[in-house]
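K.L.:
3D model of this:
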Amino acid sequence: MVIFFEHIILFLTSIGIVWFFSGLIVDAIDRMAARFHKSSFTVAFFVLGFLTSISEFSVMVNSTLAGAPQISAGNLSGASFIILLFIIPLLAIIGNGIQVKNTLPKKHLALVLAVIDRVGRELSEDPEWKDLILKTPKFLRVEDFADSAVIVKILGDTLPLKQWEVSGELRKRIKIAFDKEGISIPFPQRDVYIHNVR
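P.N.:
Numbers count the residues shown, from 1 in each chain. This is a model prediction of the structure:
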């Protein structure tokens, strides 16, 4: 009976320690996200996703060495089950919903690219601009995925020293076309937490 109570005390102490250090990790993740101008979700996904997978990796190695790989499969399946059916719904209820704020626009990338190509073609056919453009501006590739943007590269040729004038007009027309098509350009959002200092 004494051993049973010792195990309960050890278990409760372990939960308390994990709870305390989890709070420190959450605070550190929040600060890291603010420092690098990334969403808390993104930083937590990569950092905590890696850190919490260490124990699962350890179970996988040890169960494989012990000749019982089914233990590792059960561990991963059970963890996924608990996360999807218990932790995420609980967070949504307690936290008044889960929001991932930095999202791609509602319209598909294909529509965005079609609009860019159409605007480039219209600009190169415009009597006021066609003499400055040697090659019609058109989509070349997706250049990068930024925090709140998909960066595309548009390529075209102009007369020497006219590239800034033409690119400025092209950007203006693309923005007007995006607005007409209902294509939104996402912008970074930051959560500000105010703590009472006494």
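
K.L.:
The longest strand along the chain: which residues count as buried?
P.N.:
Determined from DSSP state E, the single longest strand within the chain is strand 133-146. By neighbour count on 16 or more other CB atoms under 10 Å, the buried set for strand 133-146 is 133, 136-139. Quick note: C-beta positions are derived from backbone N, CA and C, even for glycine.

K.L.:
Indicate each strand paired with it and its parallel or antiparallel sense.
P.N.:
Sheet pairing of strand 133-146 (DSSP bridges) gives strand 149-158 (antiparallel).

K.L.:
The helix or strand that the strand it pairs with is followed by - what's its average pLDDT?
P.N.:
Moving toward the C-terminus from strand 149-158, the next helix or strand (DSSP states H and E) is helix 163-181. Computed over helix 163-181, the mean pLDDT rounds to 88.

K.L.:
So which elements touch helix 163-181?
P.N.:
helix 109-125, strand 133-146, strand 149-158 (3 or more CB pairs under 8 Å, 6 or more residues apart in numbering; DSSP states H and E).

K.L.:
what angle separates the last one from helix 163-181?
P.N.:
Comparing the axes of strand 149-158 and helix 163-181 via axes from the mean of the first three to the mean of the last three CA atoms, to 10 degrees yields an angle of 130 degrees.

K.L.:
Residues touching strand 149-158, excluding its own?
P.N.:
When contacts are defined by CB atoms under 8 Å, 6 or more residues apart in numbering, strand 149-158 is touched by residues 104, 109, 112-113, 116, 120, 124, 132-145, 165-166, 170, 185-186.

K.L.:
and if we set it to 7 Å?
P.N.:
Applying CB atoms under 7 Å, 6 or more residues apart in numbering, the external contacts of strand 149-158 come out as 104, 109, 116, 120, 132-144, 166, 186.

K.L.:
Then the first one?
P.N.:
The contact list for helix 109-125, computed with CB under 7 Å, 6+ apart, reads 129-130, 133, 136-139, 150, 152, 154, 156, 169-170, 173-174, 177-178, 181, 183.

K.L.:
Perfect, that will be all.
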